[in-house]
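# Attaching a predicted model along with its sequence, questions to come.
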Amino acid sequence: DPLTLAGLAGLGDLVATCSSPLSRNRSLGERLGRGETLAQAQQQAHGQVAEGVKSCSSVLALGAKHGVDLPITEVVHRVCADGLAPSDAVRELLGRQHKHEMT
């Protein structure tokens, strides 16, 4: 159902993933932000999987297929897959040309 993400379950999952100290995705992102490599951050996860790392590729492919620009997902993917420094990712995002985000 396309409305799942916009519903309470989707919103709740998003809030928990972003804000809970128990979130594997958040924990991995914090480690990357402190300068660890993806391999180091994953090793510290003791076998637990942060789904966001693998999801980035799929989300980017879907965005490309449907003509949707996903700049945050793109830089997160580059941080994970290509070793882009998180500070450089933030600079890229903040340096983007301003435009209307919703049509």
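Sure thing, it's come through.
# contacting residues for the residue nearest to R24 when sequence neighbours are not counted?
Leaving aside its sequence neighbours, R24 sits nearest to A50 (CB to CB, 6 or more residues apart in numbering; 4.3 Å). Just so you know, the C-beta spots here come from the backbone N, C-alpha and C atoms, and that holds for glycine as well. Each residue near A50 by CB atoms under 8 Å, 6 or more residues apart in numbering is listed here: 24-25, 27-29, 42.
# Out of these, which comes closest to G67?
Checking the contacts of A50 against G67 with CB to CB, the nearest one is N25 at 26.2 Å.
# Next one, pLDDT for that closest one please.
We have a pLDDT of 88 for N25.
# what does the model give the residue nearest to R24 for pLDDT?
A50 is assigned 84 on the pLDDT scale.
# now it: how far from A9?
Distance from A50 to A9, counting by CB to CB, to the nearest Å: 20 Å.
# now swap in A16 and tell me
Counting by CB to CB - A16 and A9 are separated by 11 Å.
# could you pull out the helices for the chain?
Ranges of helices in the chain, per DSSP state H, are 8-19, 24-33, 38-44, 51-65, 71-82, 86-94.
# Please list all residues in contact with R78.
Shown in contact with R78 (CB under 8 Å, 6+ apart): 84, 89.
# how much space between it and L70?
Distance of R78 to L70, given as CB to CB: 12 Å.
# Do me a favour and get the backbone dihedrals for H98.
With angles defined as degrees, to the nearest 10, H98 sits at phi -70, psi 140.
# what about it, neighbour count?
Using other CB atoms under 10 Å, H98 has 5 neighbouring residues.
# and which of the contacts of A50 is nearest A89?
G29 (11.0 Å).
# Please tell me how far the closest one sits from H100.
For G29, the distance to H100 equals 28 Å [CB to CB].
# of the two, who's got more company?
Taking neighbours as other CB under 10 Å, G29 and H100 compare with G29 leading, 21 against 5.
# which one of the contacts of A50 has the most neighbours?
L28 (23 neighbours).
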